[in-house]
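Enquirer: Coordinates only, no sequence provided:
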């Protein structure tokens, strides 16, 4: 194999990898299990996710990306290296050319950390694209036209909101409130109201099964098992969608306020385009029941959920890869090279 083109959605919750000519070849949680005594990687992805909350003392399951940015550089590099090797194989003569989706609000330091981690993981050339731009492209929006498009990408660690026209972000905002904060809100609610401790996997399952952004018209329930804070013993409770709605108010309202701030800063001509075309929701967090309807109610603007919201960013990197052959774009320089020039 003489190298290949690869698009990566490096998300807080999961990593998706697209290979040119093969489609999406990898969807794995952004989790790495590390032996603290030796520093050796024990597991990566779904295998490591199953270990969360179940590891012995010397093994810790780490999520190296937090709130949309790299929190642990070394572990991120090991995770990327594992995924790139898994996809590209060991027979390649040249490293892959890689496009990575990053949040719109990252600092130059965080940007360099992503580039360096990819190069250390074996990438030959690295290109970066902001997640809202990639999401808009992946959702099929005509981003290069002189017309306003608004995309709200709700991931695991961050919500990226952007108004796009003529191939650029006119107004954008990154909010470090998204799917993970929703899980934390459910965990806090159950601890406060039911005196029950639950893990993050359980909270995510509750969000998926009964979570809602609107008051539920029909009550749904899920059995939740955790540890009683008083007795320390295992206990079950029946948790309903009305309680889930109450628990999720804070993160949902924070996302609504961020959308309103972006709309307030949008030039009138582009705002008119958005009123006509609507807001497009992407990312796994946008799958929360009732969220599109709530945003439409509060803004007065039509809201459309992308066809495959979870895959929009990685499909945007895929289309960006296709454009690289037509555009003369310079790849990002590794930090060591940049320091010498």
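Expert: That came through fine. Quantities reported herein were computed from a predicted structural model and do not represent experimental measurements.

Enquirer: Quick check on residue 8: phi, psi?
Expert: phi -130, psi 130 (degrees, to the nearest 10).

Enquirer: buried sites along stretch 221-231?
Expert: 222, 224, 226 (16 or more other C-beta atoms under 10 Å). In this view, the C-beta of every residue, glycine as well, is placed from N, C-alpha and C.

Enquirer: Would you format those residues as TSV with distance to residue 125, secondary structure and pLDDT included?
Expert: Output for these, formatted as TSV (distance: C-beta to C-beta, whole Å; DSSP: H, G, I helix; E, B strand; the rest coil; pLDDT from 0 to 100):
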residue	distance to residue 125	secondary structure	pLDDT
222	46	strand	97
224	47	strand	97
226	47	strand	97
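
Enquirer: can you list those in TSV and add distance to residue 56?
Expert: TSV is the format used below for these (distance: C-beta to C-beta, whole Å):
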residue	distance to residue 56
222	29
224	25
226	21
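
Enquirer: out of those, who's nearest residue 267?
Expert: residue 222 (44.7 Å; C-beta to C-beta).

Enquirer: what's that closest one in contact with, if anything?
Expert: 205, 206, 209, 210, 238, 239 (C-beta atoms under 8 Å, 6 or more residues apart in numbering).

Enquirer: Give me the buried entries from the residues you listed.
Expert: Among the contacts of residue 222, those buried by neighbour count (16+ other C-beta under 10 Å) are 205, 206, 209, 210, 239.

Enquirer: which ones are touching the residue at minimal distance from the centre of the chain?
Expert: Closest to where the C-alpha atoms of the chain average out (C-alpha atoms, centre = their mean) is residue 155, at 3.3 Å. By C-beta under 8 Å, 6+ apart, the contact set of residue 155 is 11, 12, 13, 68, 131, 178, 179, 283, 284, 285, 313.

Enquirer: Skip the chain neighbours and tell me the closest residue to the third one.
Expert: It stands for residue 13. Excluding the flanking residues, the one nearest residue 13 by C-beta to C-beta, 6 or more residues apart in numbering is residue 156, at 2.7 Å.

Enquirer: Do you know the pLDDT at that neighbour?
Expert: You'll see residue 156 listed with a pLDDT of 92.

Enquirer: Now it, what are its backbone angles?
Expert: phi -90, psi -50.

Enquirer: measure it to residue 225 for me?
Expert: Using C-beta to C-beta, to the nearest Å, we find residue 156 at a distance of 23 Å from residue 225.

Enquirer: got the contact list for residue 285?
Expert: Taking C-beta under 8 Å, 6+ apart, one finds 154, 155, 156, 159, 178, 179, 182, 291 in contact with residue 285.

Enquirer: Just to be sure, which of the residues you listed are found in helices?
Expert: 179, 182, 291 (DSSP state H).
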